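Visitor: could you work out the structure for the sequence below:
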Amino acid sequence: MSSLPVRLIEPVIDERIFVTQPHLAPLAEFLPYLEKIWNSKVLTNGGPFHQQLEKALCDYLGIDHLALFANGTLALVTALQAHRVTGEVITTPYSFVATAHSLLWNGIKPVFVDIDPDTLNLDPAKIEAAITPHTTAIMPVHCYGRPCDVEAIQKIADNYNLKVIYDAAHAFGVKTRGASVLRHGDLSVLSFHATKVFNTFEGGAIVCPDAKTKQRIDHLKNFGFVDETTVVAPGINGKMSEINAAFGLLQLKHIDEALERRRQIDAKYRGMLADVKGVRCLPEPGSADEYVANHSYFPILVTDEYPVGRDALFQHLRDHDIYARRYFYPLISEFPMYRGLPSAHGANLPVAADAARRVLCLPIYPALENHDMERIVGLIAAPQR
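Guide: Model (predicted):
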């Protein structure tokens with residue numbers, strides 16, 4: 001009996017460096033969680049891992065109430081429903097499209113306001129002029145995990161009796177003055193997408209100020225059911241599965257080491273880029289005593305002093321297998337479903353427009369090696385003309 005020849009397949013080595021890469025716990029550590037799910041046959045509907053993750057996240061983040069969701073966009077849509085937000089909502093044009101999409105899905109008109117040039121967050125000084133009799137809420141974004149001016153925004157909201165719902169998709173683990181930035185506003189919405197600092201494959205959450213609000217949100221994310229026969233609201237299916245929740249519990253065990261490595265990468269980038277003319281790093285929002293960052297992104301702004309434009313640098317890096325991203329370009333206000341709004345006119349958003357044409361987010365994730373960063377910065381320091 002003849003034997004077939006054995007072919008050795010050479011592994012394919014992908015040398016491309018993407019803007020992010022999920023930080024994954026060892027697979028062997030996840031198998032016991034899966035065995036428990038298989039044995040219990042409980043896959044969803046607020047099972048034991050779902051309940052454990054809600055408590056664990058509250059403990060880790062220093063908050064009192066949190067409702068898990070299948071993803072951050074469903075959480076944004078539901079947060080608006082939870083407070084029965086209608087009419088007009090003031091928000092930023094400088095974000096991922098889900099921020100504004102959640103408003104349209106609720107039949108709400110977005111009103112775009114310009115951003116601050118240093119934080120790239122909603123500029124509180126521009127909010128008041130955009131308020132009309134139809135304004136019911138403000139939806140700021142903690143862009144790149146950098147905190148908004150929460151005190152100024154809350155003062156405006158209090159003066160005009162407006163709700164504040166934060167899109168905190170980037171802000172996992174961020175602290176200001178020794179406490180979670182998620183404690184601000186009426187609600188804060190997190191994303192646990194695979195690209196985020198903390199991920200559950202797909203997932204999200206709403207941080208709630210009290211048990212009553214969490215109960216309403218829990219009803220809304222489960223079709224409005226209170227019990228088998230009672231429906232109290234036109235809810236949706238926004239529940240997180242047991243597999244996602246179990247993975248989140250495992251990820252939480254490794255989050256501190258991931259955040260520390262991100263801090264190191266951020267510091268190394270800043271040091272290496274300090275002498276590169278025409279490249280501006282965003283300033284730190286505060287001292288270590290008053291601000292704890294999560295370093296979820298590493299944006300640079302390409303100024304007029306740089307030898308080539310931002311798009312040329314973007315292509316130069318891509319030609320060398322470095323997949324930086326232009327977050328956030330184009331502005332949300334430039335997409336077809338928004339560009340007809342009066343607030344979307346470019347003359348109203350000069351700072352946001354300038355940032356969108358200059359920004360480039362460099363790769364940052366815990367597995368990024370120092371020599372990879374050195375290669376990236378070397379390419380930036382010597383662009384092709």
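Visitor: helices and strands of the protein: which one has the lowest mean pLDDT?
Guide: Scoring the helices and strands of the chain by mean pLDDT, DSSP states H and E places strand 291-292 at the bottom, with a mean of 92.
Visitor: next secondary structure element downstream of it?
Guide: strand 298-302 (DSSP states H and E).
Visitor: contacting residues around that following strand?
Guide: With contact meaning CB atoms under 8 Å, 6 or more residues apart in numbering, strand 298-302 is reached by 120, 144, 265-266, 269, 273, 278-282, 309-310, 313, 327, 355, 358-364, 380. C-betas here are computed from N, CA, C, even on glycine.
Visitor: just want the angle from the lengthiest helix in the chain to strand 298-302.
Guide: Longest helix of the chain, by residue count under DSSP state H: helix 242-273. Helix 242-273 runs at 40 degrees relative to strand 298-302, counting by axes from the mean of the first three to the mean of the last three CA atoms, to 10 degrees.
Visitor: what segments of the stretch 151-300 of the chain are strands?
Guide: Along the stretch 151-300 of the chain, the stretches classed as strands by DSSP state E, counting those that start in this stretch are 163-167, 175-176, 179-180, 187-191, 204-208, 279-281, 291-292, 298-302.
Visitor: quick check: which of those strands is nearest to residue 48?
Guide: strand 204-208 (17.5 Å; CB to CB).
Visitor: touching stretch 328-336 from outside, list them.
Guide: For stretch 328-336, using CB under 8 Å, 6+ apart, the contacting residues are 92-97, 99-100, 110, 112, 338-339, 341, 343-344, 349, 352-353, 356-357, 359.
Visitor: now do stretch 218-232
Guide: 45-46, 67, 69, 74, 78, 81-82, 233-239.
Visitor: run the last query once more with 10 Å
Guide: By CB atoms under 10 Å, 6 or more residues apart in numbering, the residues outside stretch 218-232 that reach it are 44-46, 54, 67-70, 74-75, 77-79, 81-82, 206, 208, 215-216, 233-240.
Visitor: residue ranges in this protein under the pLDDT threshold?
Guide: For the chain, the stretches with pLDDT under 70 are 1-13, 385.
Visitor: at 90 instead, please
Guide: 1-15, 284-290, 383-385 (pLDDT under 90).
Visitor: can you list the domains in it?
Guide: Domain ranges of the chain: 27-250, 255-381, per automatic domain parsing.
Visitor: mind checking the end-to-end distance for the shortest one?
Guide: In other words, domain 255-381. 32 Å (CA to CA, to the nearest Å).
Visitor: the longest one now?
Guide: Between the start and the finish of domain 27-250 there is a gap of 10 Å, counting by CA to CA.
Visitor: now do the buried residues in stretch 338-347.
Guide: By 16 or more other CB atoms under 10 Å, the buried positions in stretch 338-347 come out as 338, 341, 343, 344.
Visitor: who touches residue 320 in this structure?
Guide: Per CB under 10 Å, 6+ apart, neighbours of residue 320: 15, 16, 17, 375, 376, 378, 379, 384.
Visitor: show only the entries of these found in strands.
Guide: Of the positions in the contacts of residue 320, residue 17 sit in strands, assigned by DSSP state E.
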